[in-house]
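>>> sequence first, predicted coordinates after that:
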Amino acid sequence: MLNFSKPTVEQYLRTYVISNFAISKDEKRLVFNTNLNGKMNLWAMDLPDTFPYLFAQKDQSSNFIKFDPEGRYVLTGYDNNGDENYQIYAVSSEGGMPEGLITGDPSEKYYFVHLSDDGKRLYYVTSEGNPSFLNARVRNLEDNSDTLLHEGEAGTTYLAAVSEDENTFVYTRLFANTYIQLFVKDGDQMVSLTPDPDKVHIASSPVFVGEKEIYFTTNYEEEYSYVAKYNLESKSFEKVVQIVKESIEGVQYNKENNYLYFSTEKGVEDILYRYDLTSEKLEELSTPVDVLEKLVVTKAGNLYLLGRSATIPFNIYKSTDGNSWQALTNNRVLGVSQEEMVEPDVVTYKSFDGMEIEALLFKAKPEYSNGYTIFWPHGGPQAAERKMFRAMFQSALNRGYNIFAPNFRGSTGYGSSFVKLVEQDWGHGPRLDCVAGIEWLFENNIADRDKLFLVGGSYGGYMSLLLHGRHSEYFKAVVDIFGVSNLFTFVNSVPPHWKPMMERWVGDPERDKERFITDSPITYLDDMVKPMLVIQGAKDPRVVKEESDQVVAKLKEKGRDVEYLILDDEGHGFSKKENEIKVYNVMLDFLEKHQ
């Protein structure tokens, strides 16, 4: 008999990201954004054939894909090596090299919103001339004329929906992740879709249903988001669908059947629903994955879904009835079956103040276990760790590490009050939730006190730095992946269109000076005594390179054991497969060295 070696780390990392997709009007072509050739590009399949081919090459991340209804072209948007300054490009209907359509200075942003039904008018939002609040514009693609629709003047303002006759427009005003208003523009007046826009709430995902009604999701005066509608004639607001302890996300409308489709976020999983507007019947649909990234409903009523689970990488599926699904892609781990990977246990524990915290616990298979545990605070912070495939997780489990990922206060999926708890409290409550989770691991004999590593990215990188500085006794070594190190410099370095939300999200550096000092990891450099690996994308616009530079430089001055890996062609994440493989191999080698 032949005996094969244990799967290597690289096998897990040879999976691919699928970040977006679109389907043509006749459903004969599917275009998706993936790093199938090592860099992010557009690939296509001519259905029912599911063999992918390169459709458009630019080696950059795409933030949207839109088919011309008449089949003449495909629109997409690209940034430059992760800088998130997306601009709009066009690609021939048969593919090829993308050509700039709405572009400008490389520092400007042009975000696609809507394409008219005849493919002649393109609605977009841009930072040009209004970097903090953004402007909405429309470009006539026949004569290239360009018209200003709305000038943002309060909160970061996005055009969110355009009516079928293109006479009515819905705008989003974003003041914080938990304070998002929806307005319909009626002449020169902006009318709120919710009764009192000054009450802190979220309103999003507007869709026009007929000529008189706008359906959307909101948590106005509730803990969890529900579907509401606004009548343009009566200017009335009404709740339509509410599900107990589930937040409804992303409403889509199928005009032919008069159905709404939406998913809900319920802790670590998503649930898909169909709502019949005629009969008012709500139906839960089955899905092939636990986390739904994108849903497309076609005119014929077919569903196309992008999603993933803890042991299933990103894949695209099709359903004709919402219950049985056909996989259109077969993105999988090289040489490793789903059964060979690790599903997480969903656990709960009590925090320092009695609050219940949900977490995912991945246990390495006994034959692989090395006795060490990785503590993973997620990014966001107003996000959550969910049952979604992470190549890093499965490769670390393959190396024998357990992984513990808590959804500390501020995480989404647990109600409006819970997610707000991190606002103007980045470093106290969430940190103590993490400490309580660490103690829970020890008390339940899941982790040994001398065998715990700390790894986090983005806000999780910030929390890793802060936990290292304030609780270094817990950890063998620490990995910080583009984490905020100094709240004072962070609030001043974010992109201009983020700045309107910083006061509510993080605080005011003058008014909250003492808290900024207390909650900034850089305050605790003297106590960062454990070996550290710092990873940073040079083009990161969210957590700029200086955030990592200042920590590394000062720790090296103190003679600490710190390694620094800079990726010159990445931003806030890893879009290039070779970079991702390099990062996680370096990280796992670092952890092994410090066992």
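Structure's in. What do you need? Numbers count the residues shown, from 1 in each chain.

>>> was I right to think residue 142 contacts residue 120?
Yes. Assessed by Cβ atoms under 8 Å, residue 142 is found in contact with residue 120 at 5.6 Å. Backbone N, C-alpha and C define where each C-beta goes, glycine included.

>>> wasn't residue 502 part of a helix?
Yes. Checked against DSSP: H, G, I helix; E, B strand; the rest coil, residue 502 lies within a helix.

>>> ok now do it, which residues does it touch?
Shown in contact with residue 502 (Cβ atoms under 8 Å, 6 or more residues apart in numbering): 491, 494.

>>> roughly how far does it sit from residue 375?
According to Cβ to Cβ, to the nearest Å, residue 502 and residue 375 sit 28 Å apart.

>>> between residue 142 and residue 120, tell me which one has more neighbours.
residue 120 (15 against 10; other Cβ atoms under 10 Å).

>>> for residue 143, see how far away the more buried one is.
Relative to residue 143, residue 120 is positioned 10 Å away (Cβ to Cβ).

>>> try residue 590
Taken as Cβ to Cβ, the span from residue 590 to residue 143 is 57 Å.

>>> neighbour count: these two, which is higher?
Taking neighbours as other Cβ under 10 Å, residue 590 and residue 143 compare with residue 590 leading, 20 against 8.

>>> let me see the contact set for the more buried one.
477, 479, 531, 533, 563.

>>> so for the longest helix belonging to the chain, what gets flagged as buried?
In terms of residue count, the longest helix belonging to the chain (DSSP state H) is helix 577-593. The neighbour-count check on helix 577-593 (16 or more other Cβ atoms under 10 Å) flags 577, 579-584, 587-588, 590-591 as buried.

>>> neighbours around the residue lying closest to residue 521 once chain neighbours are set aside, how many?
Spatial nearest neighbour of residue 521, excluding adjacent residues (Cβ to Cβ, 6 or more residues apart in numbering): residue 465 at 3.5 Å. Using other Cβ under 10 Å, residue 465 has 29 neighbouring residues.

>>> partners of residue 319 in the sheet?
Beta-bridge pairing for residue 319 (DSSP bridges): residue 303.

>>> that one against residue 326, yeah?
Yes. Residue 319 is in contact with residue 326 according to Cβ under 8 Å; the separation is 7.3 Å.

>>> more neighbours: those two, which one.
residue 319 (19 against 12).

>>> now for that one: which residues touch it?
285, 302-303, 305, 325-326.

>>> name the helices or strands packed onto the helix or strand residue 240 falls within?
Using DSSP states H and E, residue 240 sits within strand 236-241. For strand 236-241, the elements it packs on are strand 226-231, strand 269-276, judged by 3 or more Cβ pairs under 8 Å, 6 or more residues apart in numbering; DSSP states H and E.

>>> hmm, try it at 6 Å
Packing partners of strand 236-241 (3 or more Cβ pairs under 6 Å, 6 or more residues apart in numbering; DSSP states H and E): strand 226-231.

>>> please write out the alpha-carbon positions of the strand it packs on in PDB.
As requested, the backbone C-alpha atoms of strand 226-231 are provided in PDB (Å, rounded to 0.1, in the frame of the first residue of the first chain):
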ATOM      1  CA  TYR A 226     -36.500  43.800  10.400                       C
ATOM      2  CA  VAL A 227     -38.100  44.600   7.000                       C
ATOM      3  CA  ALA A 228     -40.000  47.800   6.800                       C
ATOM      4  CA  LYS A 229     -41.700  49.800   4.000                       C
ATOM      5  CA  TYR A 230     -42.100  53.400   3.200                       C
ATOM      6  CA  ASN A 231     -45.000  54.700   1.100                       C
END
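
>>> show me which residues of that strand are buried.
Here strand 226-231 shows 226-230 as buried, counting by 16+ other Cβ under 10 Å.

>>> tell me the one of these nearest residue 65?
residue 227 (26.2 Å; Cβ to Cβ).

>>> for the residue nearest in space to the middle of the chain, give me phi and psi.
The structure's the chain has its C-alpha centroid closest to residue 383; by Cα atoms, centre = their mean the separation is 7.7 Å. Per-residue torsions, residue 383: phi -150, psi -160 (degrees, to the nearest 10).

>>> against residue 446, how distant is it?
24 Å.

>>> one more: residue 163?
54 Å.

>>> closest one to residue 151 out of the buried residues of strand 226-231, please.
Among those, and counting by Cβ to Cβ, the member closest to residue 151 is residue 230, at 23.2 Å.
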